[in-house]
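1. When you get a sec, could you give me coordinates for this:
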Amino acid sequence: MAKIVHSAPGTIHQAVWTVRRDDGELRAAHFSCRMIRENSTAGAEVILRGITHDIGAAGEISTAPPPTILEHRVLEASTREGEFRALVNLRTLNLLRWYNSEPAPNICWEHLPNQPVPAIHPDDLPTAKQMSNALARERTSGVLRFKALDGGWKPMHLDGVLVSLDQHTTAALVTLTELEGE
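-> Have a look, this model is predicted:
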């Protein structure tokens, strides 16, 4: 996640990670990527293009870090029905990834053909930036409207906390909740 936040075109990253396959087996995977600038109808953005290569059973590769499953279990246990968690880049306010939840329903989160472009309502951007800046001092919460799949705007209640991705990089862990009657 830190690489995404600090991405600059031309940057290269390589690592060995432990991954859990769909069948539940833990495997060591070599990951290599390069950050590139790509232009789209939504504007220019830096994306990561890479490849992951299975290099063996996780227990047999000494450089593969152990999986962090306790944290995932704690988040799963503390998530209520109707809550959705996401890691968000504090500088760009872009979604980094959904964290221990499915995406919030009926909201545009991906640039997909024949769908509206993901966005925070323009009138809510100052509130979103204020919430992002406040995380340096405290937890934050508020209501923001997101572009809905039907082209309208869907209000969601957000609670945000600062998360350290590494020694120099932070993001927001945001819990999104649908508003009553929406």
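2. so how far is stretch 116-134 from its chain's centroid?
-> Distance, stretch centre to chain centre, for stretch 116-134: 16 Å (CA atoms, centre = their mean, to the nearest Å).
3. tell me which element E76 is part of?
-> helix 69-78 (DSSP states H and E).
4. and that helix, what's its mean pLDDT?
-> The average pLDDT for helix 69-78 rounds to 71.
5. One more: stretch 148-164?
-> Stretch 148-164 comes out at a mean pLDDT of 95.
6. Kindly report the same for stretch 47-63.
-> 78.
7. Tell me where the protein has helices.
-> Listed in chain order, the helices of the chain (DSSP state H) span 2-5, 69-78, 125-134.
8. Need the winner for burial among those helices.
-> Highest mean neighbour count among the helices of the chain (mean count of other CB atoms under 10 Å): helix 2-5, with a mean of 19. To be clear about C-beta, it is placed using only N, CA and C from the backbone, and glycine gets the same treatment.
9. Tell me who's in contact with I107.
-> Listed by CB atoms under 8 Å, 6 or more residues apart in numbering, the contact partners of I107 are P118, F146, K147, A148, L149, K154, M156.
10. ok, for the first one, nearest residue in space, not its chain neighbours?
-> Right, P118. Nearest non-adjacent residue to P118, counting by CB to CB, 6 or more residues apart in numbering: C108, 4.3 Å away.
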